[in-house]
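Student: Give me a 3D structure for the following:
(2 chains)
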Amino acid sequence: MIRTRFAPSPTGYMHVGNLRTALFSYLIAKKNNGKFILRIEDTDQKRFLNDSKDFIFKTLKQAGLKYDEGPDIGGEFGPYIQSERKEIYLYFADKLLKDKKAFYCFCKANNKDKNICRCEELDDNEINKKILSRESYVIRQKIFCGTTKFVDLIYGEITINNTELDKQILIKSDGFATYNFANVIDDHLMKITHVVRGCEYLSSTPKYNLLYNFFNWEIPKYIHLPLILNNNGEKLSKRHGSVSFEDLINQGFLPEAIINYIAFLGWSPDDNTKELFYLNELEKIFDIKKISRSPAIFDIKKITWMNGQHIKKLPEEIFLNFSRKYLESKIDDKNIDIKKLAKFSQTRINFINQAGELFDFLNKIKNYSIDLFKREKIKCDLYISNLVLKNSLEIFCIIEKEDWNEKNLKEKILKLIDKLNLKSRQVFWPIRVALSGQENSPCGAIEIAEILKKTETINRIKIAIDKINIK
RNA sequence: GACUCGUUAGUCAAGAGGUUAAGACGCGGCCCUCUCAAGGCUGAGGCAGGAGUUCGAUUCUCCUACGAGUCACCA
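Tutor: Reported below is the predicted structural model:
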């Protein structure tokens, strides 16, 4: 049974690199019918706020990464919060001390010149004396000569000379274990079979292996994931821009789009021509062998496109639920069919919260430039615009209020196109500009006219004609 | 600086000795008797450099360059 874990520290913030680690860890477990465990690494008491744990629970839930064991749901290997496991680490540190695999170090914190430390040579008497006189100390791991070799499922075999490894601190002077120690103990005790984590741990892995060997524990399989960088090629972090899950959600990204995109950062499926996937599909096709070794840059343009794709795939009613509040906030007229507006916007927005902005022009037309009427590409100029608008004004005026509907309007305009002997674009363009005041609009001229109703349509056409003739 | 890892178009990437070196985003063009978007078609753009091994290297080996990560009483 494969058991993987995600072990974040509760910083109240989850950047996409972290989330991607969680996702891959989850996927590896699920693909193999294994278990995915959440563990909170809060051994640094200075850094963490209490409610950041809830933030992690919330984010994982929102992303759909359901864990089988964790702090809030329990499990047979708990507790799943490291600050509640203090005694466990102390017990194992003591064991190491007795076996001479670790030593007390009384050097001052921030002692830059570590080579000067002679604590390892202290005899038991000296140590006891210092401890009795309440000198503060840490417990460090001993490093013996030789080389350490390990296999990473992605990077292959990595060998390192033990002289490169430092005598890392296992227990800090406040009595808490360091992450470096705690994660080894916990992974073993929680029976984690595959350790999935970011590449930044690649070079400390040998030290962890030494620890496993000291205890005579089985070393787990390692899967180090390539880093995700921002577009400056820097490692993702809080300082370098808004690429946290929460920020993306606030910008209007769908959780499934974020998951889909980050799954493809450093991984690709066998059939690499398809790239729109939901989490449950990824669970089936995910394959460790296809994880890449090189870092990937987070491309906001591509995830934006992907978000648009996911928005289009949303069932109509779901999209309506999402977009309703945005649309309603923009539209004064309560009689307008929100459903219809939602339909117009679904294929043209990349962000879920943009649905309303498209219809800004309905309430109030902005002061547009008459240059909008000129469009060489479709052979439309001020002369034609003027002609079209005057003619359509006549038509619109004759139509009765009760006959004001899309079908009827279209019929009449098509006749006008014939009569004026123009291309349909040359006719629809000026009307649409007059009604929307914009170069682009979420729907066509006739559709806007229908939504606007007779009075407002005529009103806007008149304004446009005046605009052109004043010139 | 030391150690470790990496390098296929601007970006994500497939390919693992013989390919016209896929596909996607982005960018350009065209089509869709209504804009834009969507959709369809299409164009430009790439194996970091140098040595080897080989009949033949993007693919294997080595060197160089460049990039990244680690070197905390942070995780």
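Student: how many neighbours does A:Asn213 have?
Tutor: 13 (other C-beta atoms under 10 Å). Yep, even glycine has a C-beta here, placed from its N, CA and C like the rest.
Student: Confirm it sits in a helix?
Tutor: Yes. Counting by DSSP: H, G, I helix; E, B strand; the rest coil, one finds A:Asn213 located in a helix.
Student: Excluding chain neighbours, give the residue nearest to it in space.
Tutor: Spatial nearest neighbour of A:Asn213, excluding adjacent residues (C-beta to C-beta, 6 or more residues apart in numbering): A:Ile219 at 7.9 Å.
Student: quick one: contacts for the one you found?
Tutor: Neighbouring residues of A:Ile219 by C-beta atoms under 8 Å, 6 or more residues apart in numbering: A:Phe150, A:Asn209, A:Tyr212, A:Asn213.
Student: Is it possible to get a markdown table of these that adds pLDDT and distance to RNA strand B?
Tutor: Compiled in a markdown table, the contacts of A:Ile219 are given as follows (pLDDT from 0 to 100; distance: C-beta to the nearest atom of the strand, whole Å):
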| residue | pLDDT | distance to RNA strand B |
| --- | --- | --- |
| A:Phe150 | 92 | 10 |
| A:Asn209 | 95 | 14 |
| A:Tyr212 | 96 | 17 |
| A:Asn213 | 94 | 19 |
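Student: Whichever of the residues you listed end up buried, select them in ChimeraX.
Tutor: Buried subset of the contacts of A:Ile219, written as a ChimeraX selection, criterion 16 or more other C-beta atoms under 10 Å:
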select /A:150,209,212
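Student: Is A:Ile37 in a helix, a strand, or coil?
Tutor: strand.
Student: I'd guessed it sits against A:Gly78; true?
Tutor: No. Counting by C-beta atoms under 8 Å, A:Ile37 does not reach A:Gly78; the two are 9.9 Å apart.
Student: shared neighbours of those two, anything?
Tutor: In contact with both A:Ile37 and A:Gly78: A:Glu69, using C-beta under 8 Å, 6+ apart.
Student: So which of these two has more stuff around it?
Tutor: A:Ile37 (25 against 16).
Student: Now do the contacts for the more buried one.
Tutor: Neighbours of A:Ile37 in contact, by C-beta under 8 Å, 6+ apart: A:3-6, A:67-70, A:75, A:77, A:80, A:190, A:192.
Student: Can you name the residues of the stretch 201-350 of chain A that neighbour RNA strand B?
Tutor: With C-beta under 7 Å from any atom of the strand as the criterion, the stretch 201-350 of chain A meets RNA strand B at residues A:201-204, A:226-227, A:229, A:233-235, A:264-268, A:272-273, A:275, A:290, A:292-297, A:299, A:301-302, A:304-305, A:308-309, A:312, A:347-348.
Student: Could you rerun that using 6 Å?
Tutor: Residues of the stretch 201-350 of chain A found near RNA strand B (C-beta under 6 Å from any atom of the strand) are A:202-204, A:227, A:233-235, A:264-266, A:268, A:272-273, A:275, A:290, A:292-297, A:299, A:301-302, A:305, A:312, A:347-348.
Student: Which elements pack onto the host helix or strand of A:Leu90?
Tutor: For A:Leu90, the host element (DSSP states H and E) is helix A:86-98. Applying 3 or more C-beta pairs under 8 Å, 6 or more residues apart in numbering; DSSP states H and E, one finds that helix A:86-98 contacts strand A:102-105, strand A:138-141, strand A:169-171, helix A:179-189, helix A:205-215.
Student: Identify the residues contacting it?
Tutor: So helix A:86-98 is contacted by A:102-104, A:139, A:141, A:170-171, A:175-177, A:181-182, A:185, A:189, A:214-215 (C-beta under 8 Å, 6+ apart).
Student: Please indicate which of those are buried?
Tutor: Neighbour-count burial (16+ other C-beta under 10 Å) applied to the contacts of helix A:86-98 gives A:102-104, A:139, A:141, A:170-171, A:176-177, A:181-182, A:185, A:214.
Student: mind listing what's buried in the helix or strand of chain A with the lowest mean pLDDT?
Tutor: In chain A, the helix or strand scored least confidently by mean pLDDT, DSSP states H and E is helix A:124-132, which has a mean of 84. Under the neighbour-count criterion of 16+ other C-beta under 10 Å, helix A:124-132 has A:Ile127, A:Lys130 buried.
Student: again with stretch A:443-458
Tutor: A:443-452, A:454, A:456-458.
Student: do the same with stretch A:427-444
Tutor: A:427-438, A:441-444.
Student: Quick check: the farthest pair among those residues?
Tutor: A:Val427 and A:Pro442 (19.7 Å; C-beta to C-beta).
Student: I'd like the distance from stretch A:438-453 to the chain centre, please.
Tutor: Its chain's C-alpha centre and that of stretch A:438-453 lie 35 Å apart, by C-alpha atoms, centre = their mean, to the nearest Å.
Student: for stretch A:331-338, what is the average pLDDT?
Tutor: The average pLDDT within stretch A:331-338 is 78.
Student: that older thread, pipe the helices and strands packed on helix A:86-98 into JSON lines and attach distance to A:Leu254 per row.
Tutor: Shown next, in JSON lines, are those (distance: least, C-beta to C-beta, whole Å):
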{"stretch": "strand A:102-105", "distance to A:Leu254": "49"}
{"stretch": "strand A:138-141", "distance to A:Leu254": "45"}
{"stretch": "strand A:169-171", "distance to A:Leu254": "43"}
{"stretch": "helix A:179-189", "distance to A:Leu254": "33"}
{"stretch": "helix A:205-215", "distance to A:Leu254": "36"}
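Student: who wins for proximity to A:Ser25 among these?
Tutor: helix A:179-189 (12.1 Å).
Student: if I pick A:Gln346, what's in contact with it?
Tutor: The neighbours of A:Gln346, taking C-beta under 8 Å, 6+ apart as the test, are A:Ile311, A:Lys312, A:Leu314, A:Glu316, A:Phe319, A:Ser323.
Student: Looking at the residues you listed, which are in helices?
Tutor: Applying DSSP state H to those, the entries found in helices are A:Ile311, A:Lys312, A:Glu316, A:Phe319, A:Ser323.
Student: Would you list the buried entries among the residues you listed?
Tutor: A:Ile311, A:Phe319, A:Ser323.
Student: residues in contact with the closest residue to the last one other than its chain neighbours?
Tutor: Counting by C-beta to C-beta, 6+ apart, A:Ser323 lies nearest to A:Ala355, which is 3.7 Å off, once chain neighbours are set aside. Under the criterion of C-beta under 8 Å, 6+ apart, the contact partners of A:Ala355 comprise A:Phe322, A:Ser323, A:Tyr326, A:Leu327, A:Leu341, A:Ala342, A:Ser345, A:Ile349.
Student: Per-residue pLDDT of A:Ala355, please?
Tutor: 89.
Student: Give me the distance between it and RNA strand B.
Tutor: 12 Å (C-beta to the nearest atom of the strand, to the nearest Å).
Student: ditto for A:Gly70
Tutor: Distance from A:Gly70 to RNA strand B, by C-beta to the nearest atom of the strand: 15 Å.
Student: Who does that residue form a beta bridge with?
Tutor: Per DSSP bridges, the residues bridged to A:Gly70 are A:Gly74.
Student: who touches it in this structure?
Tutor: A:Ile37, A:Leu38, A:Arg39, A:Phe57, A:Tyr80.
Student: okay, the second one: pLDDT?
Tutor: A:Leu38 carries a pLDDT score of 98 in this model.
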